[in-house]
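Chemist: 3D model of this:
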Amino acid sequence: VQLVESGGGLVQPGGSLRLSCAASGFTFSRYAMTWYRAAPGKERELAARITSGGAGTVYADSVQGRFTISRDDAKNTVYLQMNSLKPEDTAVYYCYAFDGSRNGYWGQGTQVTVSS
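Modeler: I've put the predicted structure just below:
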C-alpha cells in the first residue's frame, strides 16, 4: 500500500497550490479520502474529506470556500486545490485513506509554506 503526496512548496499569500495524492495497493474507489494538516507546534487537523464515490465532502471552517477536494478513481488520485492561501495554512499536508471499517493508510506528507 502506498499513498504518495505531491504538489507542496512555497507560495506567497493569496496564491494557489494543488496537492495530489496517488494511491496504490488497495481498492481506492472504496475508500473515503481525507487531507489532514499539521502546523508547527499544533495537532494534526482535518482540512477536507471526500466520500468514496465523491458524492460528499467536508471542510474545516478555516478552509471552507478556499479549498476544494476532488478525486479521480480512474487515476487512483485525490486532489486538494488550495486558493487564497494564508500564512496560517502553512503545514505538512497528509493524505489518509479509510474504508469506514478498520483499514486506514497514511501518506508521508508534503510541506506547504505560505510566506512573502
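Chemist: Tell me where this structure is predicted with low confidence.
Modeler: Applying pLDDT under 70 to the chain flags no residue at all.
Chemist: Could you list which residues are in contact with the most centrally placed residue in the chain?
Modeler: Relative to the mean C-alpha position of the chain, the nearest C-alpha, by Cα atoms, centre = their mean, is the one of residue 35, at 2.8 Å. For residue 35, the contacting residues are 19, 21, 46-49, 69, 78, 80, 93-96, by Cβ atoms under 8 Å, 6 or more residues apart in numbering. Quick note: C-beta positions are derived from backbone N, CA and C, even for glycine.
Chemist: and the gap between residue 104 and residue 11?
Modeler: Computed as Cβ to Cβ, to the nearest Å, the residue 104 to residue 11 distance reads 29 Å.
Chemist: For the two, indicate the residue with more neighbours.
Modeler: A direct count of neighbours by other Cβ atoms under 10 Å for residue 104 and residue 11 places residue 11 higher, at 18 against 13.
Chemist: what sits against that one?
Modeler: So residue 11 contacts 17, 85, 112-114 (Cβ under 8 Å, 6+ apart).
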